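>>> predicted model and sequence follow; I will ask about them next.
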Amino acid sequence: MSAESKYCQCQETQNHFLQRAFEALQLEAAQRELLLTAFRETSVSIPLKPHRTGDDDGELRTFIGYRVQHNHARGPFKGGLRFHPSVNLGEIRALAQLMTWKTALVDIPFGGAKGGIAVDTTQLSPHALETLTKRFVQKMEPVLGVHQDIPAPDVGTNPQVMAWILEEYSKSHGYTPAIVTGKPLELGGSAGRLEATGHGVAFLAGKAAQDIELAIKDASVVIQGFGNVGFHTAQHLATMGAKIIALSDARSGVFCESGINIEQAQRHVADSGWLEDLPGTEPVSNAELLELACDILIPAAVEGTINCDNAEAIQARLVVEAANIPVTHLADTTLRERGITVVPDLLANVGGVLVSYYEWVQNLQEFPWEYDTVMQRLERRLDQVYEQVRDLAQQRSVDLRTAAYEIAIGRVNRAIALRGF
Ligand code: NAD
(Lines give C-alpha, C1' and ligand atoms only; values in the text may rest on other atoms or scores of the structure.)
Protein backbone atom coordinates (compact mmCIF):
# COMPACT_ATOMS: atom_id res chain seq x y z
CA MET A 1 0.00 0.00 0.00
CA SER A 2 1.39 3.46 -0.90
CA ALA A 3 2.20 5.96 1.84
CA GLU A 4 -0.54 8.22 0.53
CA SER A 5 -3.29 5.59 0.52
CA LYS A 6 -2.16 4.45 3.98
CA TYR A 7 -2.57 8.05 5.14
CA CYS A 8 -6.03 8.36 3.58
CA GLN A 9 -7.10 5.15 5.29
CA CYS A 10 -5.72 6.30 8.68
CA GLN A 11 -7.39 9.66 8.46
CA GLU A 12 -10.69 8.24 7.22
CA THR A 13 -10.70 5.61 9.95
CA GLN A 14 -9.91 8.14 12.66
CA ASN A 15 -12.59 10.57 11.41
CA HIS A 16 -15.16 7.82 11.30
CA PHE A 17 -14.49 6.81 14.93
CA LEU A 18 -14.55 10.46 16.03
CA GLN A 19 -17.88 11.20 14.33
CA ARG A 20 -19.56 8.48 16.39
CA ALA A 21 -18.35 10.13 19.62
CA PHE A 22 -19.15 13.64 18.36
CA GLU A 23 -22.74 12.53 17.75
CA ALA A 24 -23.02 10.95 21.19
CA LEU A 25 -21.65 14.12 22.84
CA GLN A 26 -23.91 16.30 20.64
CA LEU A 27 -21.04 18.65 19.76
CA GLU A 28 -21.69 21.61 17.49
CA ALA A 29 -19.96 21.90 14.10
CA ALA A 30 -17.59 24.65 15.35
CA GLN A 31 -16.52 22.52 18.33
CA ARG A 32 -15.88 19.55 16.06
CA GLU A 33 -13.79 21.65 13.71
CA LEU A 34 -11.64 22.97 16.56
CA LEU A 35 -11.13 19.47 17.97
CA LEU A 36 -10.07 18.16 14.56
CA THR A 37 -7.66 20.95 13.62
CA ALA A 38 -3.98 20.79 14.53
CA PHE A 39 -2.52 23.68 16.53
CA ARG A 40 0.74 23.69 14.54
CA GLU A 41 2.33 21.62 11.79
CA THR A 42 6.06 22.00 11.20
CA SER A 43 8.05 20.35 8.46
CA VAL A 44 11.79 20.74 7.96
CA SER A 45 14.29 19.65 5.36
CA ILE A 46 17.44 17.96 6.57
CA PRO A 47 20.25 17.75 4.01
CA LEU A 48 22.71 15.03 4.91
CA LYS A 49 25.76 13.62 3.23
CA PRO A 50 26.39 10.45 5.16
CA HIS A 51 30.13 10.57 5.84
CA ARG A 52 30.89 7.16 7.12
CA THR A 53 31.48 3.83 5.46
CA GLY A 54 29.09 0.89 5.89
CA ASP A 55 25.80 1.15 3.99
CA ASP A 56 26.12 4.89 3.35
CA ASP A 57 26.89 5.78 -0.23
CA GLY A 58 28.20 9.27 0.53
CA GLU A 59 25.63 10.93 -1.77
CA LEU A 60 23.88 14.10 -0.61
CA ARG A 61 20.28 13.38 0.41
CA THR A 62 17.53 15.61 1.73
CA PHE A 63 15.27 14.08 4.36
CA ILE A 64 11.94 15.58 5.42
CA GLY A 65 11.05 15.74 9.13
CA TYR A 66 7.65 16.53 10.64
CA ARG A 67 6.21 17.53 14.00
CA VAL A 68 2.45 17.92 14.24
CA GLN A 69 1.21 19.47 17.50
CA HIS A 70 -2.47 18.68 17.58
CA ASN A 71 -3.92 20.00 20.83
CA HIS A 72 -2.51 21.36 24.10
CA ALA A 73 -5.67 22.29 26.00
CA ARG A 74 -4.79 19.88 28.84
CA GLY A 75 -1.00 20.29 28.94
CA PRO A 76 2.19 20.31 26.82
CA PHE A 77 2.18 18.45 23.50
CA LYS A 78 3.32 14.84 23.89
CA GLY A 79 3.94 12.09 21.38
CA GLY A 80 6.40 9.79 19.68
CA LEU A 81 8.90 10.27 16.91
CA ARG A 82 8.76 7.77 14.04
CA PHE A 83 11.63 6.94 11.63
CA HIS A 84 10.17 4.93 8.75
CA PRO A 85 10.26 5.21 4.93
CA SER A 86 6.48 5.68 4.68
CA VAL A 87 6.29 8.62 7.11
CA ASN A 88 4.26 11.51 5.62
CA LEU A 89 2.46 14.54 6.98
CA GLY A 90 -0.98 12.96 6.75
CA GLU A 91 0.00 9.90 8.75
CA ILE A 92 1.72 12.03 11.40
CA ARG A 93 -1.37 14.28 11.57
CA ALA A 94 -3.67 11.30 12.29
CA LEU A 95 -1.26 9.90 14.90
CA ALA A 96 -0.83 13.31 16.61
CA GLN A 97 -4.58 13.57 17.00
CA LEU A 98 -4.75 10.07 18.45
CA MET A 99 -2.22 11.15 21.11
CA THR A 100 -4.56 13.95 22.23
CA TRP A 101 -7.31 11.41 22.90
CA LYS A 102 -4.94 8.97 24.63
CA THR A 103 -3.52 11.48 27.11
CA ALA A 104 -7.06 12.69 27.84
CA LEU A 105 -8.43 9.17 28.27
CA VAL A 106 -5.77 8.25 30.80
CA ASP A 107 -6.18 11.72 32.35
CA ILE A 108 -2.58 12.93 32.39
CA PRO A 109 -1.74 16.63 31.92
CA PHE A 110 -0.53 16.43 28.32
CA GLY A 111 -1.88 17.20 24.87
CA GLY A 112 -1.09 15.31 21.68
CA ALA A 113 1.67 15.47 19.07
CA LYS A 114 3.61 13.19 16.73
CA GLY A 115 6.72 13.56 14.64
CA GLY A 116 8.78 11.64 12.20
CA ILE A 117 11.32 11.46 9.44
CA ALA A 118 10.76 9.60 6.17
CA VAL A 119 13.88 7.43 6.31
CA ASP A 120 14.91 3.81 6.04
CA THR A 121 17.16 3.54 9.09
CA THR A 122 18.57 0.22 7.86
CA GLN A 123 20.30 2.18 5.06
CA LEU A 124 22.16 4.53 7.44
CA SER A 125 25.19 3.94 9.64
CA PRO A 126 24.71 4.69 13.36
CA HIS A 127 26.78 7.86 12.90
CA ALA A 128 24.57 9.10 10.05
CA LEU A 129 21.46 8.34 12.10
CA GLU A 130 22.88 10.33 15.02
CA THR A 131 23.63 13.30 12.73
CA LEU A 132 20.16 13.12 11.17
CA THR A 133 18.50 13.05 14.61
CA LYS A 134 20.55 15.96 15.94
CA ARG A 135 19.87 18.09 12.84
CA PHE A 136 16.15 17.36 13.22
CA VAL A 137 16.35 18.67 16.80
CA GLN A 138 18.32 21.78 15.71
CA LYS A 139 15.55 22.67 13.26
CA MET A 140 12.63 21.76 15.56
CA GLU A 141 14.14 23.32 18.70
CA PRO A 142 11.87 26.43 18.64
CA VAL A 143 8.73 24.29 18.95
CA LEU A 144 10.07 21.81 21.53
CA GLY A 145 10.31 22.38 25.29
CA VAL A 146 9.82 20.74 28.69
CA HIS A 147 6.51 22.60 29.06
CA GLN A 148 5.86 22.87 25.33
CA ASP A 149 6.44 19.58 23.50
CA ILE A 150 8.14 16.39 24.73
CA PRO A 151 8.97 13.65 22.13
CA ALA A 152 9.23 9.90 22.85
CA PRO A 153 10.11 6.68 20.94
CA ASP A 154 7.89 5.14 18.27
CA VAL A 155 8.45 2.87 15.27
CA GLY A 156 12.12 2.97 14.25
CA THR A 157 13.33 5.01 17.24
CA ASN A 158 14.62 3.83 20.61
CA PRO A 159 16.32 5.02 23.84
CA GLN A 160 19.56 5.79 21.94
CA VAL A 161 17.71 8.16 19.59
CA MET A 162 16.12 9.82 22.64
CA ALA A 163 19.60 10.24 24.16
CA TRP A 164 20.76 12.10 20.99
CA ILE A 165 17.70 14.38 21.26
CA LEU A 166 18.53 15.09 24.91
CA GLU A 167 22.14 15.90 24.02
CA GLU A 168 21.29 18.25 21.16
CA TYR A 169 18.59 20.12 23.08
CA SER A 170 20.81 20.39 26.19
CA LYS A 171 23.52 22.19 24.16
CA SER A 172 21.43 25.36 24.17
CA HIS A 173 19.31 24.83 27.30
CA GLY A 174 21.62 23.16 29.84
CA TYR A 175 21.14 19.54 30.91
CA THR A 176 17.43 18.94 30.25
CA PRO A 177 16.38 15.29 30.70
CA ALA A 178 12.65 16.21 30.79
CA ILE A 179 12.78 17.29 27.12
CA VAL A 180 12.28 13.70 26.02
CA THR A 181 10.94 10.43 27.49
CA GLY A 182 11.93 6.83 26.79
CA LYS A 183 15.58 7.73 27.48
CA PRO A 184 18.20 5.29 28.72
CA LEU A 185 18.11 4.85 32.52
CA GLU A 186 21.59 6.38 32.80
CA LEU A 187 20.25 9.69 31.46
CA GLY A 188 17.13 9.97 33.59
CA GLY A 189 14.93 7.38 31.89
CA SER A 190 12.27 5.73 34.03
CA ALA A 191 12.47 2.20 35.30
CA GLY A 192 9.80 0.26 33.40
CA ARG A 193 9.44 2.66 30.42
CA LEU A 194 10.93 0.24 27.88
CA GLU A 195 8.37 -2.46 28.66
CA ALA A 196 5.49 -0.14 29.66
CA THR A 197 3.50 -0.26 26.41
CA GLY A 198 3.71 -4.03 26.00
CA HIS A 199 3.14 -4.66 29.72
CA GLY A 200 0.01 -2.50 29.51
CA VAL A 201 -1.23 -4.29 26.38
CA ALA A 202 -0.87 -7.67 28.11
CA PHE A 203 -2.48 -6.39 31.32
CA LEU A 204 -5.49 -5.02 29.41
CA ALA A 205 -5.73 -8.18 27.30
CA GLY A 206 -6.09 -10.01 30.63
CA LYS A 207 -8.84 -7.63 31.81
CA ALA A 208 -10.77 -7.88 28.53
CA ALA A 209 -10.36 -11.69 28.42
CA GLN A 210 -11.91 -11.91 31.89
CA ASP A 211 -14.90 -9.87 30.68
CA ILE A 212 -15.57 -12.29 27.82
CA GLU A 213 -14.99 -15.29 30.11
CA LEU A 214 -11.82 -16.34 28.35
CA ALA A 215 -9.17 -17.81 30.68
CA ILE A 216 -5.83 -16.15 29.95
CA LYS A 217 -3.99 -19.25 31.15
CA ASP A 218 -3.37 -21.38 28.04
CA ALA A 219 -5.21 -18.86 25.81
CA SER A 220 -3.66 -18.99 22.33
CA VAL A 221 -2.22 -15.65 21.21
CA VAL A 222 -1.03 -14.39 17.81
CA ILE A 223 1.09 -11.20 17.68
CA GLN A 224 1.95 -9.25 14.52
CA GLY A 225 5.13 -7.16 15.02
CA PHE A 226 8.02 -8.20 17.25
CA GLY A 227 9.62 -4.85 18.07
CA ASN A 228 9.48 -3.05 21.40
CA VAL A 229 5.73 -3.41 21.86
CA GLY A 230 5.27 -6.89 20.34
CA PHE A 231 8.16 -8.41 22.29
CA HIS A 232 7.16 -7.01 25.69
CA THR A 233 3.50 -7.89 25.11
CA ALA A 234 4.51 -11.47 24.27
CA GLN A 235 6.86 -11.69 27.22
CA HIS A 236 4.29 -10.48 29.75
CA LEU A 237 1.44 -12.58 28.33
CA ALA A 238 3.70 -15.64 28.55
CA THR A 239 4.30 -14.92 32.25
CA MET A 240 0.50 -14.69 32.66
CA GLY A 241 0.26 -18.27 31.32
CA ALA A 242 -0.86 -17.53 27.75
CA LYS A 243 0.54 -19.54 24.83
CA ILE A 244 2.07 -17.41 22.05
CA ILE A 245 1.49 -19.53 18.95
CA ALA A 246 2.60 -17.09 16.23
CA LEU A 247 4.79 -14.00 15.84
CA SER A 248 5.87 -11.89 12.88
CA ASP A 249 8.03 -8.99 11.79
CA ALA A 250 8.17 -6.90 8.61
CA ARG A 251 9.71 -9.79 6.65
CA SER A 252 7.59 -12.81 7.69
CA GLY A 253 6.06 -14.82 10.53
CA VAL A 254 6.62 -18.01 12.51
CA PHE A 255 4.06 -20.47 13.94
CA CYS A 256 4.23 -23.21 16.60
CA GLU A 257 0.98 -24.71 17.87
CA SER A 258 2.46 -25.77 21.22
CA GLY A 259 3.79 -22.25 21.90
CA ILE A 260 6.90 -20.20 21.06
CA ASN A 261 9.61 -19.57 23.64
CA ILE A 262 9.77 -15.76 23.64
CA GLU A 263 13.28 -15.42 25.07
CA GLN A 264 14.59 -17.83 22.42
CA ALA A 265 12.79 -15.82 19.71
CA GLN A 266 14.37 -12.62 20.99
CA ARG A 267 17.86 -14.17 20.96
CA HIS A 268 17.26 -15.43 17.41
CA VAL A 269 16.25 -11.90 16.26
CA ALA A 270 19.25 -10.38 18.06
CA ASP A 271 21.56 -12.80 16.22
CA SER A 272 19.98 -12.89 12.75
CA GLY A 273 17.92 -9.69 12.58
CA TRP A 274 14.64 -11.51 11.78
CA LEU A 275 12.25 -14.17 13.15
CA GLU A 276 12.63 -16.18 9.93
CA ASP A 277 14.00 -19.74 10.49
CA LEU A 278 13.38 -19.67 14.25
CA PRO A 279 14.08 -23.29 15.28
CA GLY A 280 10.99 -25.34 16.16
CA THR A 281 8.58 -23.16 14.16
CA GLU A 282 6.91 -23.27 10.76
CA PRO A 283 6.97 -20.27 8.40
CA VAL A 284 3.77 -18.26 7.98
CA SER A 285 3.19 -15.06 6.01
CA ASN A 286 1.94 -11.87 7.69
CA ALA A 287 -1.38 -12.26 5.85
CA GLU A 288 -1.82 -15.88 6.97
CA LEU A 289 -0.82 -15.06 10.53
CA LEU A 290 -3.72 -12.64 11.03
CA GLU A 291 -6.21 -15.33 9.99
CA LEU A 292 -4.87 -18.12 12.23
CA ALA A 293 -7.25 -19.82 14.66
CA CYS A 294 -6.51 -18.30 18.07
CA ASP A 295 -8.18 -16.77 21.13
CA ILE A 296 -6.41 -13.39 21.11
CA LEU A 297 -5.00 -11.47 18.12
CA ILE A 298 -2.64 -8.57 18.80
CA PRO A 299 -1.62 -6.32 15.89
CA ALA A 300 1.58 -4.63 17.16
CA ALA A 301 3.17 -3.37 13.93
CA VAL A 302 1.73 -0.69 11.66
CA GLU A 303 -1.58 0.90 10.59
CA GLY A 304 -4.41 -0.77 8.71
CA THR A 305 -3.26 -4.39 8.79
CA ILE A 306 -6.79 -5.57 9.68
CA ASN A 307 -8.99 -4.30 6.87
CA CYS A 308 -11.80 -5.23 4.47
CA ASP A 309 -9.62 -7.93 2.90
CA ASN A 310 -9.28 -10.01 6.05
CA ALA A 311 -11.84 -8.88 8.67
CA GLU A 312 -14.26 -11.68 7.74
CA ALA A 313 -11.47 -14.25 8.13
CA ILE A 314 -10.25 -13.20 11.59
CA GLN A 315 -10.82 -16.14 13.96
CA ALA A 316 -9.84 -14.58 17.31
CA ARG A 317 -12.43 -13.85 20.01
CA LEU A 318 -10.50 -10.81 21.20
CA VAL A 319 -8.43 -8.26 19.22
CA VAL A 320 -6.16 -5.97 21.27
CA GLU A 321 -4.83 -2.98 19.30
CA ALA A 322 -1.23 -2.65 20.47
CA ALA A 323 -0.35 -0.73 17.29
CA ASN A 324 -1.90 2.62 16.44
CA ILE A 325 -4.89 2.49 14.03
CA PRO A 326 -4.28 -1.18 13.02
CA VAL A 327 -7.98 -1.82 12.25
CA THR A 328 -9.74 0.22 9.55
CA HIS A 329 -13.21 1.52 10.37
CA LEU A 330 -14.91 -0.86 7.92
CA ALA A 331 -13.05 -3.81 9.42
CA ASP A 332 -13.98 -2.55 12.89
CA THR A 333 -17.67 -2.71 11.93
CA THR A 334 -17.23 -6.24 10.57
CA LEU A 335 -15.47 -7.41 13.74
CA ARG A 336 -18.19 -5.86 15.91
CA GLU A 337 -20.97 -7.48 13.86
CA ARG A 338 -19.18 -10.82 14.19
CA GLY A 339 -19.13 -10.48 17.99
CA ILE A 340 -15.35 -10.05 18.26
CA THR A 341 -14.35 -7.76 21.13
CA VAL A 342 -11.81 -5.06 20.19
CA VAL A 343 -9.73 -3.22 22.81
CA PRO A 344 -9.01 0.03 20.90
CA ASP A 345 -5.55 1.57 20.47
CA LEU A 346 -6.23 4.67 22.55
CA LEU A 347 -6.86 2.36 25.51
CA ALA A 348 -4.75 -0.73 24.71
CA ASN A 349 -1.36 0.92 24.17
CA VAL A 350 -1.72 3.80 26.59
CA GLY A 351 0.77 2.26 29.06
CA GLY A 352 3.63 3.84 27.09
CA VAL A 353 2.50 7.44 27.42
CA LEU A 354 1.46 6.83 31.02
CA VAL A 355 4.99 5.79 32.03
CA SER A 356 6.38 8.58 29.82
CA TYR A 357 4.38 10.92 32.05
CA TYR A 358 5.89 9.26 35.16
CA GLU A 359 9.34 9.72 33.61
CA TRP A 360 8.70 13.43 32.97
CA VAL A 361 7.48 13.87 36.58
CA GLN A 362 10.58 12.11 37.94
CA ASN A 363 12.82 14.35 35.78
CA LEU A 364 11.07 17.54 36.90
CA GLN A 365 11.33 16.46 40.56
CA GLU A 366 14.87 15.07 40.07
CA PHE A 367 13.66 12.09 42.10
CA PRO A 368 13.75 8.63 40.46
CA TRP A 369 11.14 6.04 41.43
CA GLU A 370 11.69 2.32 42.07
CA TYR A 371 10.61 -0.16 39.34
CA ASP A 372 7.83 -1.59 41.55
CA THR A 373 6.40 1.88 42.20
CA VAL A 374 6.20 2.57 38.46
CA MET A 375 4.58 -0.79 37.65
CA GLN A 376 2.09 -0.60 40.52
CA ARG A 377 1.01 2.89 39.46
CA LEU A 378 0.81 1.79 35.82
CA GLU A 379 -1.41 -1.21 36.56
CA ARG A 380 -3.59 0.70 39.03
CA ARG A 381 -4.27 3.48 36.52
CA LEU A 382 -4.87 1.06 33.61
CA ASP A 383 -7.26 -0.90 35.80
CA GLN A 384 -9.26 2.26 36.61
CA VAL A 385 -9.32 3.50 33.01
CA TYR A 386 -10.34 0.10 31.61
CA GLU A 387 -13.22 -0.20 34.09
CA GLN A 388 -14.39 3.34 33.41
CA VAL A 389 -14.46 2.66 29.65
CA ARG A 390 -16.06 -0.79 30.05
CA ASP A 391 -18.75 0.55 32.43
CA LEU A 392 -19.65 3.42 30.08
CA ALA A 393 -19.76 1.02 27.14
CA GLN A 394 -22.14 -1.29 29.02
CA GLN A 395 -24.28 1.56 30.29
CA ARG A 396 -24.73 3.04 26.82
CA SER A 397 -24.66 -0.25 24.87
CA VAL A 398 -21.74 0.85 22.70
CA ASP A 399 -18.35 -0.71 21.96
CA LEU A 400 -15.20 0.01 24.00
CA ARG A 401 -13.82 2.32 21.28
CA THR A 402 -16.85 4.61 21.21
CA ALA A 403 -16.91 4.79 25.02
CA ALA A 404 -13.17 5.57 25.17
CA TYR A 405 -13.50 8.33 22.55
CA GLU A 406 -16.48 9.82 24.37
CA ILE A 407 -14.54 10.10 27.63
CA ALA A 408 -11.41 11.51 25.95
CA ILE A 409 -13.15 14.01 23.67
CA GLY A 410 -15.39 15.17 26.50
CA ARG A 411 -12.31 16.01 28.63
CA VAL A 412 -10.51 17.89 25.84
CA ASN A 413 -13.67 19.78 24.95
CA ARG A 414 -14.17 20.89 28.56
CA ALA A 415 -10.54 22.07 28.84
CA ILE A 416 -10.92 24.08 25.61
CA ALA A 417 -14.10 25.73 26.92
CA LEU A 418 -12.54 26.52 30.32
CA ARG A 419 -9.45 28.07 28.74
CA GLY A 420 -11.49 29.99 26.20
CA PHE A 421 -9.52 28.90 23.12
P1 NAD B 1 9.31 -1.16 16.55
O2 NAD B 1 9.94 -0.40 15.46
O3 NAD B 1 10.09 -1.44 17.78
O4 NAD B 1 8.74 -2.57 16.01
C5 NAD B 1 7.87 -2.67 14.91
C6 NAD B 1 7.75 -4.16 14.54
O7 NAD B 1 6.78 -4.29 13.48
C8 NAD B 1 9.04 -4.76 14.00
O9 NAD B 1 9.11 -6.13 14.38
C10 NAD B 1 8.87 -4.65 12.48
O11 NAD B 1 9.67 -5.59 11.77
C12 NAD B 1 7.40 -4.98 12.38
N13 NAD B 1 6.76 -4.49 11.15
C14 NAD B 1 6.95 -3.32 10.48
N15 NAD B 1 6.17 -3.25 9.41
C16 NAD B 1 5.44 -4.40 9.39
C17 NAD B 1 4.45 -4.94 8.54
N18 NAD B 1 4.03 -4.26 7.47
N19 NAD B 1 3.93 -6.17 8.85
C20 NAD B 1 4.34 -6.84 9.93
N21 NAD B 1 5.27 -6.40 10.78
C22 NAD B 1 5.82 -5.20 10.50
O23 NAD B 1 7.97 -0.33 16.92
P24 NAD B 1 7.14 -0.38 18.28
O25 NAD B 1 7.64 0.72 19.16
O26 NAD B 1 7.07 -1.77 18.78
O27 NAD B 1 5.70 0.10 17.76
C28 NAD B 1 4.76 -0.82 17.20
C29 NAD B 1 3.39 -0.16 17.16
O30 NAD B 1 3.01 0.24 18.48
C31 NAD B 1 3.29 1.12 16.31
O32 NAD B 1 2.01 1.20 15.75
C33 NAD B 1 3.47 2.22 17.34
O34 NAD B 1 2.91 3.45 16.91
C35 NAD B 1 2.68 1.62 18.49
N36 NAD B 1 3.02 2.19 19.81
C37 NAD B 1 4.29 2.15 20.28
C38 NAD B 1 4.56 2.66 21.56
C39 NAD B 1 5.93 2.56 22.18
O40 NAD B 1 6.04 2.87 23.38
N41 NAD B 1 6.96 2.13 21.46
C42 NAD B 1 3.53 3.23 22.31
C43 NAD B 1 2.23 3.25 21.79
C44 NAD B 1 1.99 2.71 20.54
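All right, it came through fine. Residues are numbered from 1 along each chain as shown.

>>> by contact count, what packs against the longest strand along the chain?
Ranked by residue count, the top strand of the chain under DSSP state E comes out as strand 61-71. Contacts defined by 3 or more C-beta pairs under 8 Å, 6 or more residues apart in numbering; DSSP states H and E place strand 61-71 against strand 40-48, strand 77-84, helix 89-105, strand 112-118, helix 126-140, strand 149-153. All C-beta spots, glycine's among them, are computed from the backbone N, C-alpha and C.

>>> tell me, how many residues neighbour residue 69?
Residues near residue 69, counting by other C-beta atoms under 10 Å, number 26.

>>> roughly how far apart are it and the ligand?
Counting by C-beta to the nearest ligand atom, to the nearest Å, the gap from residue 69 to the ligand is 17 Å.

>>> any idea of the pLDDT on that residue?
Residue 69 carries a pLDDT value of 98.

>>> and the gap between it and residue 142?
From residue 69 across to residue 142, the span is 12 Å (C-beta to C-beta, to the nearest Å).

>>> what does residue 188 give?
Distance from residue 188 to residue 142, by C-beta to C-beta: 23 Å.

>>> who has more neighbours out of those two?
Here residue 188 and residue 142 are compared on neighbour count by other C-beta under 10 Å; more neighbours surround residue 188, at 21 against 8.

>>> that one is in contact with residue 363, isn't it?
Yes: Residue 188 lies in contact with residue 363 (C-beta atoms under 8 Å); the separation is 5.2 Å.

>>> all helices for the chain, in order.
Taking DSSP state H as the criterion, the chain contains helices spanning 3-25, 29-36, 89-105, 126-140, 159-173, 193-211, 228-239, 262-272, 286-290, 329-337, 345-348, 351-365, 371-396, 400-419.

>>> wait, does the fifth one contact the ligand?
Yep, that's helix 159-173 we're talking about. No: judged by C-beta under 6 Å from any ligand atom, helix 159-173 and the ligand are separated, with a smallest distance of 10.6 Å.

>>> so what touches that helix?
For helix 159-173, the external contacting residues (C-beta atoms under 8 Å, 6 or more residues apart in numbering) are 81, 83, 129-130, 133-134, 137-138, 141, 144, 151-153, 176-177, 179-184, 187-189, 194.

>>> what sits up against the helix or strand bottoming out on mean pLDDT in the chain?
Averaged element by element with mean pLDDT, DSSP states H and E, the chain has its least confident helix or strand at helix 3-25 (a mean of 79). Contacts with helix 3-25, where a contact means C-beta under 8 Å, 6+ apart, come from 1, 32, 35-36, 85-91, 93-95, 97-98, 118, 303-304, 307, 325, 327-329, 332, 344, 396, 398, 401-402, 405-406, 409-410, 413.

>>> against residue 30, how distant is the residue of the stretch 151-300 of the chain found nearest the ligand?
The stretch 151-300 of the chain approaches the ligand most closely through residue 227 (1.7 Å), counting by C-beta to the nearest ligand atom. Shown here: residue 227 relative to residue 30, a distance of 40 Å by C-beta to C-beta.

>>> these two: who's more crowded?
residue 227 (17 against 8).

>>> near the ligand, which residues of the chain? Just list them.
Taking C-beta under 6 Å from any ligand atom as the contact definition, the chain meets the ligand at 153-156, 197, 224-230, 248-250, 286, 300-302, 322-324, 349, 352.

>>> among these, which ones are buried?
When these are checked for burial by 16 or more other C-beta atoms under 10 Å, the buried set is 153-156, 197, 224-230, 248-249, 286, 300-302, 322-324, 349, 352.

>>> look at the residue of the stretch 151-300 of the chain closest to the ligand and report its pLDDT.
Confidence at residue 227, expressed as pLDDT, is 94.

>>> angles on the backbone of it, please.
phi -100, psi -150 (degrees, to the nearest 10).

>>> from what I see, it and residue 323 are in contact.
No: Residue 227 is beyond contact range of residue 323, at 9.9 Å (criterion: C-beta under 8 Å).

>>> list residues touching both of these two?
Here residue 227 and residue 323 have 300, 301 as joint contacts, going by C-beta under 8 Å, 6+ apart.

>>> one step back: quick one, the longest strand of the chain and helix 89-105 angle?
Interaxial angle, strand 61-71 versus helix 89-105 (axes from the mean of the first three to the mean of the last three C-alpha atoms, to 10 degrees): 30 degrees.

>>> next, the buried residues of strand 61-71.
Those would be 61, 63, 65, 66, 67, 68, 69, 70, 71, for strand 61-71 by 16+ other C-beta under 10 Å.

>>> kindly report the same for stretch 401-410.
401, 402, 403, 404, 405, 406, 407, 408, 409.

>>> outside of it, which residues touch it?
Applying C-beta under 8 Å, 6+ apart, the external contacts of stretch 401-410 come out as 17-18, 20-22, 24-25, 27, 35, 100-102, 104-105, 332, 342, 344, 346-347, 388-390, 392-393, 396, 398.

>>> among the residues you listed, which ones are buried?
Neighbour counting with 16+ other C-beta under 10 Å marks 17-18, 20-22, 24, 27, 35, 100-102, 104-105, 332, 342, 344, 346-347, 388-390, 392-393, 398 as buried within these.

>>> turn the buried residues of strand 61-71 into TSV, including distance to residue 238.
Shown next, in TSV, are those (distance: C-beta to C-beta, whole Å):
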residue	distance to residue 238
61	41
63	38
65	37
66	36
67	37
68	36
69	38
70	36
71	37
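
>>> ok, the residue nearest to residue 411 when sequence neighbours are not counted - contacts?
Excluding the flanking residues, the one nearest residue 411 by C-beta to C-beta, 6 or more residues apart in numbering is residue 104, at 4.3 Å. Residues counted as contacts of residue 104 (C-beta under 8 Å, 6+ apart) are 74, 407, 408, 409, 411, 412.

>>> I am finished for the moment; much appreciated.
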